[in-house]
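>>> below is the sequence, then the predicted model.
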Amino acid sequence: MTYLNEASSTLKPARELADLPCRFPGESVEYRNARNELLAEEIELRRHIERVAAQRRALPPGGVVPQDYRFEGEAGPVTLSEMFGTHDTLVTYNWMFGPKRERPCPMCTSLLSAYDGEMPDMLQRVAFAVIARSPIEKLTAFAKERGWRYLRLYSSAGNSFNRDYAGEDPEQDDVPALNVFTRSGGTVRHFWAAEMGAWTADPGQDPRGAPDLMPLWTVLDLTPEGRGGNWYPSLEYDTVPR
């Protein structure tokens with residue numbers, strides 16, 4: 001933390017950076033003044049995000065994973081330790097597509113569709129696994145329907161991984177969860193989990209993390225309409241506007 005404080009003290013004030021010349025056709029002085037005030041806040045937000053990321057990277061070792069969970073993958077049985085492949089970091093996403101569901105959660109699916117496109121880049125740095133409690137055949141059938149190409153899917157129907165790392169009871173509804181695991185010297189540990197749920201949401205807001213991991217919401221937050229109060233992704237649309 002001392003390093004972070006020292007680094008922050010050497011940075012130029014955000015308001016000073018925001019006042020550097022930047023203009024767009026037809027904008028008023030009123031608009032530019034307000035935009036520069038906002039730009040200063042955006043610079044501070046970026047700096048805060050980096051401070052949080054540095055604090056996250058500096059976490060002490062997490063708990064040792066209690067067992068080498070066994071999953072069903074597209075090519076057969078796979079253990080959690082095998083999911084790492086050649087990497088020392090594994091990111092897992094608990095997909096809300098349990099046996100009670102005929103179709104998966106649209107919100108999870110929207111997020112995973114975005115991640116599928118990023119996966120060739122992401123897999124250069126870390127391993128990534130998508131985990132759900134439905135049979136693997138059901139998961140892969142939907143992936144084919146959706147056109148996913150790169151996501152690695154695993155069924156946790158025969159283990160307690162979802163309960164242990166998503167707070168999910170076998171008799172209850174699915175729970176989404178993102179976890180990060182590390183491997184060192186043959187020992188697999190839990191490193192970090194997205195722990196901002198409904199109980200941490202501010203009044204009038206849907207649950208969300210910080211930064212928000214869903215590209216859809218990040219883009220909509222840049223628009224005048226924002227996220228809207230009652231719109232959510234759908235699995236299917238009659239038409240897609242051009």
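Nice, thanks for sending it over. Numbers count the residues shown, from 1 in each chain.

>>> quick one: the most centrally placed residue in the chain and residue 44, what's the gap?
When CA atoms, centre = their mean is applied to the chain, the residue found nearest the centroid is residue 213 (3.6 Å). Using CB to CB, to the nearest Å, residue 213 is found at 21 Å from residue 44. In this view, the C-beta of every residue, glycine as well, is placed from N, C-alpha and C.

>>> could you do residue 144 as well?
Residue 144 is 45 Å from residue 44, by CB to CB.

>>> follow-up on the earlier one: Three-state assignment for the residue nearest to the centre of the chain, please.
Under DSSP: H, G, I helix; E, B strand; the rest coil, residue 213 falls in the coil class.

>>> again with residue 118
Under three-state DSSP, residue 118 falls in the helix class.

>>> count of neighbours near it?
Residues lying near residue 118 (other CB atoms under 10 Å) number 12.

>>> what of residue 128?
As a burial measure, residue 128 scores 20 neighbours (other CB under 10 Å).

>>> ok, it - contacts?
Residue 128 makes contacts with 90-93, 115, 119, 122, 151-152, as judged by CB atoms under 8 Å, 6 or more residues apart in numbering.

>>> which parts of the chain are strands?
For the chain, the strands defined by DSSP state E cover 70-73, 76-79, 89-94, 127-132, 153-155, 177-184, 187-193.

>>> in CSV: these, plus mean pLDDT and distance to residue 111.
Output for the strands of the chain, formatted as CSV (pLDDT from 0 to 100; distance: least, CB to CB, whole Å):
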stretch, mean pLDDT, distance to residue 111
strand 70-73, 98, 20
strand 76-79, 98, 22
strand 89-94, 98, 8
strand 127-132, 98, 10
strand 153-155, 98, 14
strand 177-184, 96, 9
strand 187-193, 97, 16
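
>>> wait, which of those strands is closest to residue 110?
Set against residue 110 and scored by CB to CB, the strands of the chain come closest in strand 89-94, at 12.5 Å.

>>> so how far is residue 146 from the nearest residue to residue 198 once chain neighbours are set aside?
Nearest non-adjacent residue to residue 198, counting by CB to CB, 6 or more residues apart in numbering: residue 207, 4.8 Å away. Distance of residue 207 to residue 146, computed by CB to CB: 24 Å.
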